[in-house]
Every structure is written in structure tokens, then in C-alpha cells.
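Chemist: All I have is the shape, not the residue letters:
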């Protein structure tokens, strides 16, 4: 931007007078608010990096980026982090650091009718800190919050440009080809499933015959589907995927396990945490209590393990990846990191062009070679819409993925983007997190 | 070796007559048997790679390397894999491929008195295939088997050179500084614990306060200790480690969790699968049965999760790494890979020098900079000796690791050794596994 401004003023002078600068930028710069929302991912900080680095190139439009400490809660409590206090090196390092560096939260703004108080408080804080841009980095619920904020000028007379930056391992946002965060989980699940399957294959003659790994995705089987990528042409693996989209049929499942173990000597089961019985109960809800009367917190994996052992008498092992999968920045997908960064960058570009109530999206142009570009979606088309797996992505027997699914998934796990290391550990960064001085006297109770 | 032989014959002729060659090598070449044993690791194939590549350079001593299909079972059933049929590229690729490429097994030879039949069969197969070298790649139990085989010339009059190649994620072999396989698990556990802790730290304001990860190590806490590496000077993390060496004290543990969450907002618990109550029962043994009467297969992590939720009311998440940790070649430690390869190489070098009943070891020379060299241990000093964690490696409160432990562990996770990738997935290799033609008519029942 500095360069572009220079060109416009000609090459005679490299320094511009304050008066000239004012004429060029016209509108006075405002500040931006950025917040991370919902479950964090391996690459949400890459979006933050793209957003802040881009904003820093447009100081005439965006004077400062203030980040909400712990998401939108930071806005409500006037707990803002001054990102200017973070060095260029730190902002660059966010690109390779997992988790939400500024703190995230699970907090959904209610509707204007139900809780006008929260919106009035937001405006109070925004006014106090001259916030003209609102960037919200999250999934479905967050898109809804962002939409409501984008309507503040209409509903409450406060002009603001609100842009939603897509992020969710669940991959369930509509319009965009995929959601940053998902590709890296998919890569982790595919590789981990392949590695553990190699392990089991080499031991199955005298030891474990069935390996079970539980992955995230309570409502949609996108992550479980990624387990299907573990089986490649060079390394075929007998895999059974249990999707939340498919009712669990115990007899059919056990029959399939038996058949696969007979044929291949072993098999691997990738089970979504959202797998449920025909009556809708999750497999993970066993209703058992331990000796102290505490609910026995098992996962779907333990139930599957119990069935395989109890009904088939087959030795098995099970793993539950839980947060390891969404935090695994060490094996993030380069495609995913690039996309996450691009979404943050595009959000700023959209905002300074005057857009409001939109979300940058990923548009897939071709599979082979994989090409994509940044698109734009209206936020009212995104909020409260959940993208489920297309039915033609699940194989007819309900236990595998189709070629269409493989073609969709494969580009998203492409490329490696290793963080730098020091003494064997990744050099993940932590922000200083210096607070912007509060300007309001009244406190806000959440 | 070929070079060395050339030097001895002078530089006059680069081609040697068969007669000359015979005079130089003197003893006729014999074949070698190689087998993988016990639980596989991310780097046991690196040992196989080092062993086979080195043997191929010494054809005058070791004509062929035959690998047991599924470990020692392959020897008993005369199911030998001809490694000559594997290309140089495949043998090289074993260095970056996890699992046991030739198949491993859990099968311990009984004593000569208890089962003379097995030893007679081994000799029968060895004679039929002109086996003069026996390489056994495994942990404690395997060292014992290897020792018995090394004594065949004394006990049964069959001359053989038996070398044990150390491997075990449990890190419990004596004399050697560490065991190939352990360093990579340690790196995986340290990084995964750090990544998940970053995740929890960024969400703890409104979500999960305690993250629990269960790791391997039923008898010794080496792997659990590696969780302590997640907390570094740059990235301190509140971690509680539950070692199998320390009796589980529920009240004290819950007090510590409460204290850490109060102070830091969250904490991470690394729990060994071998953690037990004061009466010796494993935490994982809940004694619960599901609705079908199957034993409820929970892990230690689920019990800890139940306590944290039930007694403290703290939201928590838990993961069980299981095979993922020992198969995670994608994040193997370079130090570990180098050591694993070196052990395979040294085994051949020891054998062709005429050693019997020994194991190559890792000798640590210095910590900073980390230096090590290959040593040699007598097998009767290795077999049936379990190396436990030194008591000064566990902090006084029983929940952490000491500086001495950090100094020991840190060099073992140093360096990354990424496998090559294709389309987002590691290019792990599978062997062709062509069987050596059987020479015996009788079959052996296991």
C-alpha cells in the first residue's frame, strides 16, 4: 500500500507531507477488532498472521488491530490486546503455531431481542476504541454472531464493517470449498491411521488383529472420512469407517470386521465420536458409573473395542485422538496453512474495499492440478447453514469413502509445512498480550 | 570390505581370480537370519535397513540375509524372506518406514529344558539354509531368546554367531544409554502434549480446564517422563505426570489439579497406562461391564477424567495415544533414527569380526554437545535385566521430572527426520517378501 501510494504521487518525492497523505487516504483510519472463536485449530493462528500482516500494510485504513482476549469476551469486557506490541517475527511465527494465540471462547451472542445489553456494550467498547472493522475468526455459530454485528449499523446505528474469517475442523461451513483447519486434521488422521495400520499389520500374526481409532466430528463425518485416505494405491489397508451419518448396525459391523480379519489378518476401524445407535443414542453414552458414582467417560472407541473383544474374541487396541488431532501443527497440511493465511489476508482486503457482512471463501478451480482462488460469500447465506457430507461421498455399504470423496479430500492434505525446531521441539510462539488501556469506567458482567 | 580386500592384494590388478578370492576370504560365506521381535516401533526398520545395507557390503562373509516372516516364527516354520529380492531403494526406504516390515511376533522361546523341540527345529532350519549368523531385533524378552540361540554351539553343538539388536519403546534394556524406538515415542509424546496444552490454554476461559493424555509404559515411566519435555523455558506448561513408579494418591492428585487450574487456568495430565492404586490394581482395571456383559475397556485416562469431572467438577478432555505414539514415523527423532540404523550396522560388523552373544549399545559421551558412540555389551548381562527410571529422575512431589531427567531425555528427541511424501501422504514402503524355497519336508507346529 505504501508503494501504491508512492506511485500515485509520482516519483519526485519519496516523503509525503501530512496534508498530501490526508488527501490520498481521505477517510481517517479506524481500528480493527479481531477475535478467535470456538474450538481452535492447528492453523487459526495462520489466519491471524495473514490478517495482521496485511493490516500492517494498510495503516492508512486500519490504524491498529486490537484482538479480543478470549474471543468476543474480550470485546464485552474491554479486554483488548494491542497487536502493535507484537513484533513482526511473532506475527510471522503465528503462521506455524497451533491453538488460538489470543484466546478463544465458546460464547454465542444471543439475538438482539433476547439480549440487547450485549450489543449495546459492544458498541460502547467499539466507540471508545474507534473500532470500524470487526473480524471474527470461527465456525458456524461465529458466523451468526458476525452477521449480527455486521447489522449493527442498521439495527443500532453504529457503522461497522464485519467480516467473518472461516475456521473449523468440522468443515461444515457452506459455500466455501472447505474450512481452514480441516485439511490439517484430515492429514493427521490419514497419516496416523496409516502408521498404526502398518504397526498392526506387522504384529497381527500373534497379537492385535483390530485397531480402533476415534476421531472428532459429532454431526458430520468429514474427519472420519479422512481416515479413508490412509489406504492408498501403494499401501492398501483394510479400513472400516463408522460415520455419524450411518446408523450403527452391530451385527453388520461385526460381520465386516470378521470378514476383513479373515481376509487380511487384521483391520483398522476409524470411528467418529458421533456414531450412534438407531435410537439416536451416541455409542459413547454408556450410562455406566464408576465405583464413586461418577459417569464413566468412555468414548465410542471403547464401546467398539468391547464389542470386537466380547463378540468376536479378537484382540484389539484403541486410541482416542481428541485434541491431539486438531492441535497437530507439526504435521499440518501446507494447502491448509496457505488457505488459512489467505483467508485472513482476504478479510482485510475486503474490509478496506468497503465490504461488510461477507466471508472470504475458497473456490476450487480444478483437482488435477489442484487450483483454487479466494471468493466471497454473503454472511446471511453462511450463518446457521450446516454443510453435511454429500451422500455420494460414502460408499454403498456405509463403511468407506468413494472416489468422489477421495478426489475432494486429497488436495486438502497436500504438502507439508513444518514449523522450525529448537532442541527437538517446535518453536511455537506465545504473544506478549499487552492490554490496550481501558477507556471505560463501567465493567460488564458476562 | 571390498575396498579393504583390494588394498591387501595391492593395486596391480583390480579383478581377482576366483582362486585368489577364496584365499583372501578363507572361510566360506554363510547366510544370516534376521528377525524382528515384540512390539514394533517407528524405527525398527531403520535397524533392518542398517543391517541389510551393511551385510550387502560384506558378501564374502554374509552371502544372503534371510528374514523371518513374523519374527522367530518364520525360523521355526521355515518361512524365510529372501531380502536379496528387495531392491536397494526398498532397503533404503525402510529407514523411513515405521512398523516391522518383515512381520514381528510375541513369541518367547522356552528354556532348553522346557522345550528342546524348538531349539532342535531351529538348528534343523539353520543347517538347511546354511545360517551362520543370527540377528535378533527386539527388547528384553528377545535378548533372552538371542542369548539362548548364542549358546547353541555349547548346548547343541551348532556353531552360530548370535547378535541382539536393541529395540524397545519401553527403554528398559540395561547397559545401553537408551533403546532405539524410545526417542521417537518421546518426541511424539513431548510434541503432542505441548500442542494439546496450547489448545487447552487458549480455550480454558470458557471451556476445557484439564487435558489428560494416556501414554504407554506399563512397568516404567520413561514415556510418561517425556511428557515433561512439553514444558520448555520458552513455553512453560503446567503438567502433572502420573508415573507407574509412584502409587496413585487420589486426594493429593486432585489437590494438585485444583491448585494448578486455579493458578494457570488449566493443566495437562500425562498418565502412564501403568498407573496403579496402592493395592497394585491398575487404574485402567475398572471391573465395569457394559450392557452386553463385556468388560468395559477403559484406559487410565478415562478414570482420571471421571475423577476430575466428578470430584472437582472441572470440564476436561482426554486422549489415548496407544499405537499412534509408537508408529509415528512422521515425527521421528533424527537422533533415534540414526541410532537405530547404527545398531543394525554394528550388529553386522560385530558378527563378521567373529563376536557372539553380544549386543551393540549406545554409549553417551557428552550431553552438550550431545555425543555418543557405539559400544558392545555381553548378552548375558542384558537378558532378563530391566532398567527402571532412576529415582532422581522423578521430582520430589512425584508429579514431574528433574533436571537430571531432562538432561538425559533432551538429546534423544533432537532433530527431525521426515519421510518423503507423495500427494500429502508419507511414502512408506512395503517389502515384496519373496519366500526362500523351503528345503525341509517336515512341518513344525507352533
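Modeler: Yep, it's here. Here the structure is a predicted model, which is why all the values come from computation and not from measurement. Numbers count the residues shown, from 1 in each chain, chains lettered A, B, ... in the order given.
Chemist: mind listing the strands in chain A by residue range?
Modeler: A:30-36, A:62-68, A:80-82, A:131-138, A:161-166, A:210-215, A:239-242, A:267-272, A:316-320, A:358-366, A:371-378, A:421-422, A:425-426 (DSSP state E).
Chemist: Quick one: closest of these to chain B.
Modeler: Minimum separation from chain B across those (C-beta to the nearest C-beta) falls at strand A:316-320, 3.8 Å. (Each C-beta comes from the backbone N, C-alpha and C, glycine too.)
Chemist: Off-centre distance for the closest one?
Modeler: 26 Å (C-alpha atoms, centre = their mean, to the nearest Å).
Chemist: Isn't residue A:135 up against residue A:165?
Modeler: Yes: with contact defined as C-beta atoms under 8 Å, residue A:135 reaches residue A:165; the gap is 5.9 Å.
Chemist: any common contacting residues for those two?
Modeler: The contact sets of residue A:135 and residue A:165 overlap at A:51, A:347 (C-beta atoms under 8 Å, 6 or more residues apart in numbering or on different chains).
Chemist: can you list contacts of stretch A:120-133?
Modeler: Contacts for stretch A:120-133 (C-beta under 8 Å, 6+ apart): A:30-33, A:62-63, A:66, A:75-76, A:78, A:80, A:134, A:149, A:152, A:156, A:158-163, A:351, A:436, A:439-440, A:444.
Chemist: Could you tell me which of those count as buried?
Modeler: Neighbour-count burial (16 or more other C-beta atoms under 10 Å in any protein chain shown) is assigned, among those, to A:30-33, A:62-63, A:66, A:75-76, A:78, A:80, A:134, A:149, A:152, A:158, A:160-163, A:351, A:436, A:444.
Chemist: residues in the stretch 51-200 of chain A within reach of chain B, list them.
Modeler: By C-beta under 8 Å from any C-beta of the partner chain, the residues of the stretch 51-200 of chain A that approach chain B are A:70, A:73, A:97-107, A:187, A:190-192, A:194-196, A:198-200.
Chemist: let's go with 7 Å and repeat that
Modeler: Proximity of the stretch 51-200 of chain A to chain B, by C-beta under 7 Å from any C-beta of the partner chain, involves residues A:70, A:73, A:98-100, A:103-107, A:187, A:190-192, A:194-196, A:198-200.
Chemist: Report the buried members of those.
Modeler: Buried, going by 16+ other C-beta under 10 Å: A:70, A:73, A:98-100, A:103-105, A:107, A:187, A:190-192, A:194-196, A:198-200, out of those.
Chemist: quick one, what contacts the residue lying closest to residue A:195 once chain neighbours are set aside?
Modeler: Closest residue to residue A:195 apart from its sequence neighbours, by C-beta to C-beta, 6 or more residues apart in numbering or on different chains: residue B:327 at 3.8 Å. Residues in contact with residue B:327 (C-beta atoms under 7 Å, 6 or more residues apart in numbering or on different chains) are A:195-196, A:198-199, B:42, B:98-99.
Chemist: Would stretch A:232-243 count as contacting chain B?
Modeler: Yes: interface with chain B: stretch A:232-243 contributes A:232, A:235 (C-beta under 7 Å from any C-beta).
Chemist: which other residues reach that stretch?
Modeler: Contact with stretch A:232-243 is made by A:194, A:197, A:221, A:224-225, A:227-228, A:230-231, A:248, A:256-257, A:260, A:264, A:267-272, A:275, A:394, A:399-401, B:425, B:428, B:430, as judged by C-beta under 7 Å, 6+ apart.
Chemist: Among these, the buried ones, what's the ChimeraX command?
Modeler: A single ChimeraX command selects the buried members of those (16+ other C-beta under 10 Å):
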select /A:194,197,221,224,225,227,228,230,231,248,256,257,260,267,268,269,270,271,272,275,394,399,400,401 /B:425,428
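Chemist: For residue A:392, the count of nearby residues, please.
Modeler: 11 (other C-beta atoms under 10 Å in any protein chain shown).
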